[in-house]
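S.K.: Compute the structure for the input listed below.
(chains A and B)
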Amino acid sequence: MRGRRFGQRFLQGLLLVLVSSAHPAAYIQFSVDVNGKTVPLRWQTVPVRWYASSQGTPDVTPPQFQSAVARAFDTWQNVPTSSVAFTFAGFTSAQPFDEDGLSVLGFSAEPDMDRVLGATTFVVDDVTGELIESDIFFNSVFPWSTADAGVAGRFDLQSVATHEIGHLVGLGHSALGETDIRPTGGRRVLASGAVMFPIAMSAGTTADRVLQPDDIAGVSSAYPDGGFASRTGSVSGRVLLNGQPVFGAHVIAFDLQTGELVAGFALTAQGEFVIAGLRPGAHVIRVEPLDDADLDSFFDESQSVRIDFRPLFYSRLVGVPAGGAPPRFDVTVTPK
Amino acid sequence: MIGLRCLVLLAVVACPVQAAAQGADFVHRVEVTGGLGYFMGARLGDADATLRANASPSQPFTLFTTETSLRGSLTGDLRVGTWLSRRLGVEGRLGYGRPDVATSVRADAEGAAPITVVERIDQFVIDAGVLFRLDEMRVGAVVPFAEGGAGYLRQVHEGLALIEEGHVYHLGGGVIRDLFTRTHGIVRAAGLRADARVYFLAGGVSLDDRITTHGSFSGGLFIRF
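M.R.: Purely as a prediction, here's the structure:
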């Protein structure tokens, strides 16, 4: 078995390096190349066994850590249309970055990563593509809290764990959010429509303990269960600019009946997108450039993502059926 | 059908006197009515696309706003009924129209141009109702009636991708005017009919559980067998 480790980081305010690739599905899923074939990164065997580090911080004891992280795992496990499941295997003295076949979550002091709250790493079998191990570290140089209502000035461990566990199950970042640029550099998140948005909410906020429709669609697409395929539908099409496909365009579907927002990306060289996990009903489709987070939070640096166009609404209302899809359509955007 | 209508119109011209003299011979006869009308639109509701705000999670961040309506449309309908007595009749109706569902999208947080996005749907209404003739209010050969009923609503989105179902209820009234009658033959009478109805739609293309109210006007030609 030849293992390969790569990781994904959740940032306080500045985006760093993404070491993964996008997969052309409803939601960006991590993927690996196995024998020239792109394979989505997912657990083949559930429940996923996880260990909690026995190393705490002055703010958070190991039992408090385990309890908060267990609640975050439960949040993903309780999605009724997903089959992913987890089980706590015990405390361990192993560290999150050890390549030991154990999926370990714990604190680690990483002062060099002064804008990284946490990160998720994977060990994947290069031959089979099987996910062997996934570790999550939480940067103990930041102040943390496990209080039910959060604590002002401290980052909520359960919220950040919920985001990182999204990576652990194979999900990449969602671009469903709005940010502005800080005068001192980096970005400030104004609002997000997904726990998997790459930039953290402010310290003291516990809002990201709760999954949003985009997160639920993502995990359900990766681990479909509970009638997901028959009870939800999808939309698909292409994004074009001056007749040319637009790679990396962010496409949002808004459900007029429920108010839910679920998004995807144009992920092929032809500018094709698919958004799955939509409730049946009429949807408004909005296309925007990927300009609310750094591109390398979503795509490999080698991929040429176009952001030189204006946000736009598709001119037709799209009716999404249960268990199917309406006819594909093209959305033509205009240059900035 | 066009030939038959011409025949009926010619009969009207040829038999103007008979039109005013109507007895009770319409009872237990089958009437088939074909007509055209207009089904009025209604506002379906507002919905805002919101994100979870960082500064104040209790006050969501609005990405954009929408306002949706079902636009009015021309309709065609076919009715089959019979008068059970001089006063009371029953009928079934199939109505078809192609209204637009129109959503006005505005106030985009990133400046996307406001737009009205539309989708044309196929709308079928199959209903049954009761008619009450109001002979005491007749004016010459024009006899008013009141009606009410309920039925099934089927709205089919573009590309047959999504079918939404619901129920319809209606109240209304109209007038009937026999253009000619006769006591023998297959066709015993023909005439004109106008209806004004208020429809209450439950289900179908709706943004919530509210019932939407729509006016409807139609006129047609009936043949009594």
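S.K.: Show me where the stretch 51-200 of chain A has its helices.
M.R.: Assigned by DSSP state H, counting those that start in this stretch, the stretch 51-200 of chain A shows helices spanning A:62-77, A:157-168.
S.K.: so what's residue 69 scoring on pLDDT?
M.R.: If you meant another chain, say so; for now it's chain A. Looking at A:V69, its pLDDT is 98.
S.K.: that's the other chain; I wanted chain B
M.R.: For B:S69, pLDDT reads 95.
S.K.: Run a quick neighbour tally on it.
M.R.: Residues lying near B:S69 (other Cβ atoms under 10 Å in any protein chain shown) number 18. Quick note: C-beta positions are derived from backbone N, CA and C, even for glycine.
S.K.: Can I get the helix or strand that contains it in PDB, CA atoms only?
M.R.: Using DSSP states H and E, B:S69 sits within strand B:61-70. Extracted as PDB, the C-alpha positions of strand B:61-70 are listed here (Å, rounded to 0.1, in the frame of the first residue of the first chain):
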ATOM      1  CA  PHE B  61     -28.000  38.700   4.500                       C
ATOM      2  CA  THR B  62     -30.200  39.200   1.400                       C
ATOM      3  CA  LEU B  63     -28.500  38.000  -1.800                       C
ATOM      4  CA  PHE B  64     -31.500  38.900  -3.900                       C
ATOM      5  CA  THR B  65     -35.300  39.200  -3.700                       C
ATOM      6  CA  THR B  66     -38.000  37.700  -5.800                       C
ATOM      7  CA  GLU B  67     -41.700  38.300  -6.400                       C
ATOM      8  CA  THR B  68     -43.600  35.600  -8.300                       C
ATOM      9  CA  SER B  69     -47.000  35.700 -10.100                       C
ATOM     10  CA  LEU B  70     -49.000  33.500 -12.300                       C
END
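S.K.: Neighbouring strands - and their directions - for it?
M.R.: Using DSSP bridges, strand B:61-70 pairs in its sheet with strand B:42-53 (antiparallel), strand B:100-106 (antiparallel).
S.K.: picking that back up, buried deepest among the helices of the stretch 51-200 of chain A, which one?
M.R.: helix A:157-168 (a mean of 26; mean count of other Cβ atoms under 10 Å in any protein chain shown).
S.K.: Is it in proximity to chain B?
M.R.: No. Against chain B, helix A:157-168 shows no contacts by Cβ under 8 Å from any Cβ of the partner chain, the least distance being 11.2 Å.
S.K.: quick one: that helix to helix A:62-77, angle?
M.R.: 50 degrees (axes from the mean of the first three to the mean of the last three Cα atoms, to 10 degrees).
S.K.: Helix A:157-168 packs against which elements?
M.R.: Packing contacts for helix A:157-168, counted by 3 or more Cβ pairs under 8 Å, 6 or more residues apart in numbering or on different chains; DSSP states H and E, involve strand A:3-11, helix A:62-77, strand A:116-125, strand A:131-139, helix A:213-222.
S.K.: and the angle from that helix to helix A:213-222?
M.R.: Using the same axes, to 10 degrees: helix A:157-168 against helix A:213-222 is 40 degrees.
S.K.: just for chain A, where's the confidence low?
M.R.: A:1-27 (pLDDT under 70).
S.K.: change it to 80
M.R.: Low-confidence segments of chain A (pLDDT under 80): A:1-35, A:37-39, A:126, A:129, A:184-186, A:200, A:292-303.
S.K.: give me every residue that touches the residue sitting furthest away from the middle of chain B.
M.R.: Ranked by distance from the centre of chain B (Cα atoms, centre = their mean), the top residue is B:A55, with 49.2 Å. For B:A55, the contact set (Cβ atoms under 8 Å, 6 or more residues apart in numbering or on different chains) comprises A:L190, A:S202.
S.K.: part of a strand, is it?
M.R.: No. B:A55: not assigned to a strand; according to DSSP: H, G, I helix; E, B strand; the rest coil it is coil.
S.K.: how far away is it from A:D180?
M.R.: Applying Cβ to Cβ, to the nearest Å, the value for B:A55 to A:D180 is 12 Å.
S.K.: Can you pull the residues that touch both of the two?
M.R.: Counting by Cβ under 8 Å, 6+ apart, the contacts common to B:A55 and A:D180 are A:L190.
S.K.: and residue 112, how many neighbours?
M.R.: Picking chain A for this. 8.
S.K.: Wait, chain B was what I had in mind.
M.R.: B:A112: 19 surrounding residues under other Cβ under 10 Å.
S.K.: Skipping its backbone neighbours, what lies nearest it in space?
M.R.: The shortest distance from B:A112 to any non-neighbouring residue, by Cβ to Cβ, 6 or more residues apart in numbering or on different chains, is to A:P311 (3.9 Å).
S.K.: need the contact list for that neighbour.
M.R.: Neighbour list for A:P311: A:R286, A:V287, A:E288, A:P289, B:D108, B:E110, B:G111, B:A112 [criterion: Cβ under 8 Å, 6+ apart].
S.K.: got the CA coordinates for the very next helix or strand once past the strand holding B:S69 in PDB?
M.R.: With elements assigned by DSSP H and E, the helix or strand that comes after strand B:61-70 is strand B:73-83. Extracted in PDB, the C-alpha atoms of strand B:73-83 (Å, rounded to 0.1, in the frame of the first residue of the first chain):
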ATOM      1  CA  SER B  73     -53.800  33.600 -20.100                       C
ATOM      2  CA  LEU B  74     -56.400  32.700 -22.700                       C
ATOM      3  CA  THR B  75     -58.100  29.500 -22.000                       C
ATOM      4  CA  GLY B  76     -60.100  27.000 -24.000                       C
ATOM      5  CA  ASP B  77     -62.800  24.900 -22.400                       C
ATOM      6  CA  LEU B  78     -65.100  22.000 -23.100                       C
ATOM      7  CA  ARG B  79     -68.100  21.400 -20.900                       C
ATOM      8  CA  VAL B  80     -70.600  18.500 -20.800                       C
ATOM      9  CA  GLY B  81     -73.700  18.700 -18.700                       C
ATOM     10  CA  THR B  82     -77.300  18.200 -18.300                       C
ATOM     11  CA  TRP B  83     -80.200  19.800 -16.500                       C
END
